[in-house]
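J.: predicted coordinates and the sequence they were generated for:
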Amino acid sequence: MTISEARLSPQVNLLPIKRHSNEEVEETAAILKKRTIDNEKCKDSDPGFGSLQRRLLQQLYGTLPTDEKITFTYLQDCQQEIDRIIKQSIIQKESHSVILVGPRQSYKTYLLDYELSLLQQSYKEQFITIRLNGFIHSEQTAINGIATQLEQQLQKIHGSEEKIDDTSLETISSGSLTEVFEKILLLLDSTTKTRNEDSGEVDRESITQVTVVFIFDEIDTFAGPVRQTLLYNLFDMVEHSRVPVCIFGCTTKLNILEYLEKRVKSRFSQRVIYMPQIQNLDDMVDAVRNLLTVRSEISPWVSQWNETLEKELSDPRSNLNRHIRMNFETFRSLPTLKNSIIPLVATSKNFGSLCTAIKSCSFLDIYNKNQLSNNLTGRLQSLSDLELAILISAARVALRAKDGSFNFNLAYAEYEKMIKAINSRIPTVAPNTNVGTGQSTFSIDNTIKLWLKKDVKNVWENLVQLDFFTEKSAVGLRDNATAAFYASNYQFQGTMIPFDLRSYQMQIILQELRRIIPKSNMYYSWTQL
């Protein structure tokens with residue numbers, strides 16, 4: 001290549017991206033598609049099996065009618081406590097405030113919806129439900145959400161089709177939070193339910209107070225150390241409002257009470273319900289039995305299906321029991337097990353194939369294998385060369401650090417040092433000039449390209465999104481809620497931590513990388529200090 005040719009060639013900064021296709025995932029998708037097509041062809045051949053299949057899917061999805069829904073045995077004590085509180089609020093017109101604490105998918109919202117739907121049948125027009133989510137609503141948008149939901153619920157109670165105009169809604173939601181809640185209290189206090197009972201020519205009017213049930217998902221997001229005006233006004237409504245108010249807060253924070261300010265905590269009833277978890281293998285087996293047992297005679301296959309299921313569950317050596325035991329000893333997650341059973345039921349073509357599938361559990365093996373392909377090891381195999389180099393550099397820095405933390409600047413400095421060390425060992429030829437012809441030639445450069453810091457930032461964000469790095473504030477428990485907020489909030493008191501100085505921790509260490517990365521990889525030597 002001559003000098004003129006070298007100058008004419010444009011320099012393009014492209015990041016090397018190398019993604020490997022997952023053949024196992026494609027194979028499983030093909031199996032699912034084929035079984036679904038076959039199932040569509042055979043769905044009308046056996047209407048009895050179609051009814052059984054739909055019933056099983058309804059039980060697994062939790063979409064059964066309210067009267068036919070079931071509650072797991074280990075949740076019954078918690079359900080009775082929630083049922084007692086809701087009935088006291090709706091029937092006896094008392095005010096309560098409760099916080100439900102438990103991990104995600106521990107049936108917190110499920111139990112609340114179940115109990116409210118039961119009472120909806122008998123006391124439909126005696127309570128309204130307002131739902132807020134901390135991931136969606138801020139304090140101001142929560143006020144607008146309360147006003148909008150109040151309008152919709154009160155229209156249903158009064159049977160009015162006239163909508164409140166936007167001006168009225170703005171009037172309700174304008175002003176400070178205290179003023180807004182005063183307007184809401186006046187609106188609720190004036191809410192009456194009028195019933196006309198015809199007894200000959202006499203009309204009797206009975207007035208009933210309407211209970212307001214608030215359901216807060218992720219209530220801890222409203223409990224920051226800066227201000228908790230929304231929670232304060234809501235809990236103050238419980239204490240002083242003439243309208244019965246019941247507040248249910250759902251959270252995953254075990255130390256939620258430490259998040260509350262003193263003025264909020266003084267108005268909270270201090271009632272916290274911790275969601276029970278599966279404690280032994282018998283509870284897990286019983287939960288699977290409740291999920292898959294069909295209790296109504298909707299199909300001639302029901303009794304035979306229940307017998308087959310009971311036989312598999314009672315046999316400790318069966319494949320189904322083996323999968324239940326494996327789930328209990330690893331994840332201990334009923335939703336994970338339920339999600340693996342759903343494709344098994346949905347792709348069965350007839351009753352015989354369903355029984356064969358539940359006995360062999362081959363589809364559960366395929367499902368679990370697919371899930372494992374999405375773990376850190378599977379994601380590591382899909383990284384490009386540059387992403388892998390940055391990941392190993394960060395792991396080297398974390399191993400040297402006392403607390404195992406690192407930031408973008410330290411990881412890039414390690415990457416730059418390692419690239420320069422490799423390039424220094426690669427022989428290069430200086431440009432030569434031919435004395436006779438006067439032409440200069442360049443040798444082909446075999447060195448590894450050192451990417452600029454601005455180019456590597458995008459790669460760093462990808463590694464964070466793939467959960468190889470976790471911010472230091474998100475790992476472990478803080479001493480109190482304020483410390484956790486200060487650690488995770490980058491915009492406080494007018495200051496902001498720059499992107500390249502935020503502290504992270506590794507989710508996969510250098511020794512694990514050495515076992516996963518093949519020896520033929522050019523960066524394998526980096527996996528040892």
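T.: Looks like it came in fine.

J.: chain center to stretch 212-228: distance?
T.: 18 Å (Cα atoms, centre = their mean, to the nearest Å).

J.: wait, I meant stretch 209-216
T.: Between the centre of stretch 209-216 and the centre of its host chain there is 26 Å, according to Cα atoms, centre = their mean.

J.: one more: stretch 245-255?
T.: 17 Å.

J.: got phi/psi on the spatially most central residue of the chain?
T.: When the chain is reduced to its mean C-alpha position, the closest residue under Cα atoms, centre = their mean turns out to be R104, at 7.0 Å. Dihedral angles of R104 (phi, psi; degrees, to the nearest 10) stand at phi -60, psi 150.

J.: what segments of the protein are strands?
T.: Taking DSSP state E, the strands of the chain run over residues 96-101, 127-133, 197-199, 202-204, 211-217, 245-251, 271-274, 405-406, 432-433, 440-441, 469-471, 491-492, 495-496, 504-506.

J.: adding mean pLDDT, distance to R379 and mean neighbour count, write those strands out as TSV.
T.: Any C-beta I mention is one placed from the backbone N, CA and C, and that applies to glycine too. Below are those laid out as TSV (pLDDT from 0 to 100; distance: least, Cβ to Cβ, whole Å; neighbours: other Cβ atoms under 10 Å):
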stretch	mean pLDDT	distance to R379	mean neighbour count
strand 96-101	93	31	22
strand 127-133	91	29	19
strand 197-199	41	66	8
strand 202-204	41	69	9
strand 211-217	91	29	23
strand 245-251	92	30	24
strand 271-274	93	34	14
strand 405-406	92	19	20
strand 432-433	64	46	10
strand 440-441	62	44	12
strand 469-471	88	12	18
strand 491-492	45	30	10
strand 495-496	56	30	8
strand 504-506	92	14	22
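
J.: any chance of those strands in CSV, with distance to F331 too?
T.: Output for the strands of the chain, formatted as CSV (distance: least, Cβ to Cβ, whole Å):
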stretch, distance to F331
strand 96-101, 20
strand 127-133, 26
strand 197-199, 56
strand 202-204, 59
strand 211-217, 23
strand 245-251, 22
strand 271-274, 20
strand 405-406, 28
strand 432-433, 64
strand 440-441, 62
strand 469-471, 20
strand 491-492, 36
strand 495-496, 38
strand 504-506, 23
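
J.: circling back: just confirm the residue nearest to the centre of the chain contacts T252, I think it does.
T.: Yes. Using Cβ atoms under 8 Å, R104 is in contact with T252, at 6.2 Å.

J.: show me where pLDDT drops low in this structure?
T.: 1-45, 158-178, 185, 187-208, 225-227, 428-445, 473-496 (pLDDT under 70).

J.: what do you get if the cut-off is 50, keeping everything else the same?
T.: 1-21, 162, 192-206, 475-478, 490-495 (pLDDT under 50).

J.: now do the domain split for it, please.
T.: 34-45+280-372, 66-194+206-274, 378-527 (automatic domain parsing).

J.: how about these, which one is nearest L57?
T.: Of all these, domain 34-45+280-372 sits nearest to L57, with 6.0 Å by Cβ to Cβ.

J.: right, and N133 touches I219 too?
T.: No. Using Cβ under 8 Å, N133 is not in contact with I219; the gap is 9.5 Å.

J.: and the helices in the stretch 201-350 of the chain?
T.: Assigned by DSSP state H, counting those that start in this stretch, the stretch 201-350 of the chain shows helices spanning 229-240, 256-259, 262-267, 281-292, 302-314, 319-329, 334-346.

J.: give me the residues contacting the fourth one.
T.: In this case it means helix 281-292. For helix 281-292, contacts defined as Cβ atoms under 8 Å, 6 or more residues apart in numbering pick out 56, 59-60, 70, 72-74, 278, 309-310, 313, 320-321, 324-325, 327-328, 332, 334, 337-338, 341.

J.: before we move on, what about the fifth one?
T.: By Cβ under 8 Å, 6+ apart, the surrounding residues in contact with helix 302-314 are 52, 285, 288-289, 292-294, 296, 318-321, 351, 354-355, 358-359.

J.: and those, which of them are buried?
T.: Among the contacts of helix 302-314, those buried by neighbour count (16 or more other Cβ atoms under 10 Å) are 52, 285, 288-289, 292-294, 318-321, 351, 354-355, 358.

J.: can you pick out the most distant pair from those?
T.: Applying Cβ to Cβ across the buried ones among the contacts of helix 302-314, the maximum distance is between V285 and F351, 23.2 Å.

J.: and for L257, the neighbour number?
T.: Using other Cβ atoms under 10 Å, L257 has 16 other residues around it.

J.: what of Q88?
T.: 16.

J.: could you check how far F468 is from I509?
T.: 11 Å (Cβ to Cβ, to the nearest Å).

J.: again, but for I366
T.: Counting by Cβ to Cβ, the gap from I366 to I509 is 30 Å.

J.: again with S138
T.: From S138 to I509 the distance is 38 Å (Cβ to Cβ).

J.: now swap in W451 and tell me
T.: W451 sits 24 Å away from I509, going by Cβ to Cβ.

J.: thought R131 was touching I215?
T.: Yes. Between R131 and I215 there is a contact under Cβ under 8 Å: 4.8 Å.

J.: picking up where we left off before, which of I366 and I509 has more neighbours?
T.: A count of neighbours by other Cβ under 10 Å puts I366 above the other of I366 and I509, at 18 against 12.

J.: and the more buried one, how far from Q505?
T.: 34 Å.

J.: same question, N374
T.: In terms of Cβ to Cβ, N374 sits 21 Å off from Q505.

J.: what's the answer for P103, then?
T.: Taking Cβ to Cβ, one finds P103 at 21 Å from Q505.

J.: kindly report the same for D83.
T.: 43 Å.

J.: over to Q80?
T.: 42 Å.
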